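Novice: Build me a structure from this.
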Amino acid sequence: MFSIRNKLLPLFLLLLLTAVSSLNAFAQITSVNHDPVYGFDHLLYNGKVYSYYPVPGTKGIQYLFDTFDSLGSITVRGVTYTNLSLNYDIYNQLLILKYKNAIGSQSMIEISYAWLEKASLWGINFETFTKPNSAKRLYQVIGNGDNRILYYRSKELLIDNFKSTKNHYFSSGRKEMYVMTNGIFISFNNNKGFVKAFNQSNQSFIKAYLHKYDINVKTASDISMTDLITYCNRLPGS
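Specialist: Okay, here's the model as predicted:
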């Protein structure tokens, strides 16, 4: 009986070792291919873990949109990824990707601007640009011609001084507005500033267009601004 046990013991240990090795291999494969769509794509999943949490009791949100867009897309180094869950933290100026990690729990990372070229959230298009003497930033882009309108979106974190509790709150969304021509940023804050961004020979036509359609560039919808910049691009010499 003792000799039989001695013979079976090495066989049992060999089978146990094989089983453990198989489990380890499976675990490694699962962790590498953690995303069912793209797998472990270093081009896409190369950002830092998003770990910003507002002060408890803060009113409002840091994002541009109330919810994540589950059909968002980004272009990184010429490669476009679709059907992503995205939102834009305009307080910290971060594009956030939400996804399920290897163990199925929800994770969020900051998309690096180093390789990011374009993004689309809720049907709104964004691109990265670098203004002179400034860092690379993400701008909403309106129009496709030689002249385009750019919005730089932001929020501030403020303190309510009218209450004893001194609660924090996020300001409403703010935007810096530009006309971009040949890579040059021309800032505008009102109709007059917008008109001056164009050739003098076309300014009277643009002014007449604004008056005809009762457009205030401060409050106009993206659709109205798209129509406006399309008109401007059709003018001779624009």
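
Novice: Show the pLDDT at Asn32.
Specialist: Check again: residue 32 is Val, not Asn. Val32 is assigned 30 on the pLDDT scale.

Novice: How much space separates the residue most central in space within the chain from Ile74?
Specialist: Centroid-nearest residue in the chain: Leu95, 3.2 Å away (criterion: Cα atoms, centre = their mean). As defined by Cβ to Cβ, to the nearest Å, Leu95 lies at a distance of 7 Å from Ile74. Yep, even glycine has a C-beta here, placed from its N, CA and C like the rest.

Novice: Need the residues touching each of those two.
Specialist: 86, 111, 116, 119 (Cβ atoms under 8 Å, 6 or more residues apart in numbering).

Novice: Can you report phi and psi for the closest residue to Leu86 other than its chain neighbours?
Specialist: Counting by Cβ to Cβ, 6 or more residues apart in numbering, Leu86 lies nearest to Gly72, which is 3.5 Å off, once chain neighbours are set aside. Torsion angles at Gly72 (phi, psi; degrees, to the nearest 10) stand at phi -70, psi 170.

Novice: Spit out the contact partners of Gly72.
Specialist: Contacts for Gly72 (Cβ under 8 Å, 6+ apart) come out as 83-86, 119-122.

Novice: Name the member of those with the most neighbours.
Specialist: Among the contacts of Gly72, the one with the most neighbours (other Cβ atoms under 10 Å) is Ala119, at 25 neighbours.

Novice: My reading is that it lies in a helix. Confirm?
Specialist: No - judged by DSSP: H, G, I helix; E, B strand; the rest coil, Ala119 forms no part of a helix; its state is strand.

Novice: Now for it: which residues touch it?
Specialist: Here Ala119 is in contact with 72-75, 86, 88, 95, 111, 125-127, 138 (Cβ under 8 Å, 6+ apart).

Novice: mind checking pLDDT for the residue nearest to Phe185 when sequence neighbours are not counted?
Specialist: Spatial nearest neighbour of Phe185, chain neighbours left out: Tyr178 (4.6 Å); criterion: Cβ to Cβ, 6+ apart. What the model reports as pLDDT for Tyr178 is 98.

Novice: burial of His42, as a residue count?
Specialist: Neighbour number of His42 under other Cβ under 10 Å is 6.

Novice: ok, it to Lys136 distance?
Specialist: For His42, the distance to Lys136 equals 20 Å [Cβ to Cβ].

Novice: What residues are bridge-paired with the residue nearest to Leu86?
Specialist: Leu84 (DSSP bridges).

Novice: What residue spans form the domains of this protein?
Specialist: 1-32, 42-188 (automatic domain parsing).

Novice: mean pLDDT for those domains: which is lowest?
Specialist: Of all these, domain 1-32 has the smallest average pLDDT, which comes to a mean of 42.

Novice: before we move on, the earlier item: with respect to Tyr231, which of the contacts of Ala119 is nearest?
Specialist: Within those, the smallest distance to Tyr231 is 19.1 Å, found for Asn125 (Cβ to Cβ).

Novice: CA atoms only for the helix or strand hosting the closest one - export them in CSV, please.
Specialist: Taking DSSP states H and E as the definition, Asn125 sits inside strand 124-130. Presented in CSV, the C-alpha positions along strand 124-130 are these (Å, rounded to 0.1, in the frame of the first residue of the first chain):
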residue,chain,number,x,y,z
ILE,A,124,-20.4,68.0,-31.3
ASN,A,125,-17.0,67.9,-32.9
PHE,A,126,-13.8,68.8,-31.1
GLU,A,127,-10.2,69.1,-32.2
THR,A,128,-6.9,69.8,-30.4
PHE,A,129,-5.0,72.9,-31.3
THR,A,130,-2.0,74.8,-29.9
